[in-house]
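> I need the structure of the sequence given here:
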Amino acid sequence: MLLLQRDIKLYDVRTRRFDKPYARGDCADEGLCGTCLAAITKGADLLSVPDSTEQLLLRKRPASWRAACRVVVGTKNEPGELCVRLAPQTQFEDEL
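Numbers count the residues shown, from 1 in each chain. The predicted structure follows:
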């Protein structure tokens, strides 16, 4: 919700899509494109376990990365702090 309130963009339109490498833009939260990747720097234990779609998307990517459209925060209903770095893929030429 805070991202929306501050108009922080979750998707990076420069990212090469996982499902269509020749295309740009997101997949409308289907977990297919990889444009909403986020690096979890703190609080990964507060997140849901990656489902099979997210696991496929994250294959050969750093373990700290998650697909923001697929992850659920607070599945255990426990308090904690979550730190996220948006669009970590923009650091890598082969992802753009």
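> doesn't R66 belong to a helix?
No - according to DSSP: H, G, I helix; E, B strand; the rest coil, R66 belongs to no helix; its state is strand.
> contact partners for it?
By C-beta atoms under 8 Å, 6 or more residues apart in numbering, the contact list for R66 reads L37, A38, A39, I40, A44, L47, P50, E54, L58. Where you see a C-beta, it was placed from the backbone N, CA and C, and this is true even at glycine.
> redo that, cut-off 10 Å
For R66, the contact set (C-beta atoms under 10 Å, 6 or more residues apart in numbering) comprises 36-40, 44, 47-48, 50, 54, 57-58, 84.
> tell me the bridge partners for it.
Judged by DSSP bridges, the bridge partners of R66 are A38.
> neighbours of the nearest residue to E81 once chain neighbours are set aside, how many?
Leaving out its chain neighbours, the residue that sits closest to E81 by C-beta to C-beta, 6 or more residues apart in numbering is G43, at 5.4 Å. Counted by other C-beta atoms under 10 Å, the residues lying close to G43 total 14.
> quick check: pLDDT value at G43.
pLDDT, G43: 92.
> distance of it from Q91?
Per C-beta to C-beta, to the nearest Å, G43 is found 21 Å from Q91.
> let's have the contacts of R66 in JSON lines, adding secondary structure.
JSON lines is the format used below for the contacts of R66 (three-state DSSP):
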{"residue": "C36", "secondary structure": "coil"}
{"residue": "L37", "secondary structure": "strand"}
{"residue": "A38", "secondary structure": "strand"}
{"residue": "A39", "secondary structure": "strand"}
{"residue": "I40", "secondary structure": "strand"}
{"residue": "A44", "secondary structure": "helix"}
{"residue": "L47", "secondary structure": "strand"}
{"residue": "S48", "secondary structure": "coil"}
{"residue": "P50", "secondary structure": "coil"}
{"residue": "E54", "secondary structure": "helix"}
{"residue": "L57", "secondary structure": "helix"}
{"residue": "L58", "secondary structure": "helix"}
{"residue": "V84", "secondary structure": "strand"}
